[in-house]
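Student: My questions are about this predicted structure, shown below with the sequence.
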Amino acid sequence: MKDELDALELNKTWRLVDCPAEVKPVGCKWVYRIKCKPDGSVDRYKARLVAKWFTQTEGVDFLETFSSVVKPATIRLVLALAFMKHWPIHQLDVNKLFYIGIFLRMFI
């Protein structure tokens with residue numbers, strides 16, 4: 001849980017602010033998962049802080065939605081740009097999805 005909170009703070013994905021009286025804040029909860037190795041033994045314990053978006057009503061609490069999923073067309077575009085400009089391409093594992101969003105915003 002501490003790693004997750006540290007990553008959120010480091011990436012500046014949120015900040016504490018006073019909630020206006022007319023706004024209903026969205027709650028959050030911790031989701032836990034046990035990641036296992038192929039032999040079934042415990043590899044690591046994961047914790048993720050998620051918003052309770054299911055408490056909102058469309059048109060009342062929000063007007064539009066956003067999904068932080070990379071579309072295949074976006075990946076093709078970035079790869080095509082890298083090829084045309086002779087940029088090096090490297091594969092890497094990303095610990096937090098937030099980093100992917102920052103990377104793609106640099107090119108789009």
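Tutor: Thanks, I have the structure now. Numbers count the residues shown, from 1 in each chain.
Student: quick check: mean pLDDT across stretch 47-60?
Tutor: Averaged over stretch 47-60, pLDDT sits at 78.
Student: Which positions within that stretch qualify as buried?
Tutor: By neighbour count on 16 or more other Cβ atoms under 10 Å, the buried set for stretch 47-60 is empty. The C-beta positions use only the backbone N, C-alpha and C, and glycine is treated the same way.
Student: Start and end of it, how far apart?
Tutor: 30 Å (Cα to Cα, to the nearest Å).
Student: List the contacts of L79.
Tutor: Listed by Cβ atoms under 8 Å, 6 or more residues apart in numbering, the contact set of L79 reads I89.
Student: What of the one 3 residues further on?
Tutor: When contacts are counted by Cβ under 8 Å, 6+ apart, A82 touches 88-89.
Student: Could you check how far it is from V23?
Tutor: A82 sits at a distance of 42 Å from V23 (criterion: Cβ to Cβ, to the nearest Å).
Student: Show me which positions of the lengthiest helix in the chain end up buried.
Tutor: Ranked by residue count under DSSP state H, the longest helix found in the chain is helix 72-84. By 16+ other Cβ under 10 Å, the buried positions in helix 72-84 come out as V78.
Student: just stretch 9-29 next, same as before
Tutor: Under 16+ other Cβ under 10 Å, stretch 9-29 has no buried positions.
Student: Output that stretch as CSV, nothing but the C-alphas.
Tutor: As requested, the backbone C-alpha atoms of stretch 9-29 are provided in CSV (Å, rounded to 0.1, in the frame of the first residue of the first chain):
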residue,chain,number,x,y,z
GLU,A,9,2.4,11.1,-5.0
LEU,A,10,5.6,10.9,-7.0
ASN,A,11,3.7,11.1,-10.3
LYS,A,12,1.5,13.9,-9.0
THR,A,13,-1.6,12.0,-10.1
TRP,A,14,-3.6,13.6,-7.2
ARG,A,15,-3.5,16.2,-4.6
LEU,A,16,-5.6,17.0,-1.5
VAL,A,17,-8.0,19.9,-1.9
ASP,A,18,-11.0,21.2,0.0
CYS,A,19,-14.2,19.9,-1.4
PRO,A,20,-16.8,22.5,-2.4
ALA,A,21,-20.1,22.2,-0.5
GLU,A,22,-22.1,21.5,-3.7
VAL,A,23,-19.8,18.6,-4.8
LYS,A,24,-20.3,15.0,-3.7
PRO,A,25,-16.8,13.5,-3.4
VAL,A,26,-16.0,10.1,-4.9
GLY,A,27,-14.8,7.6,-2.3
CYS,A,28,-12.0,5.1,-2.8
LYS,A,29,-11.1,1.6,-1.6
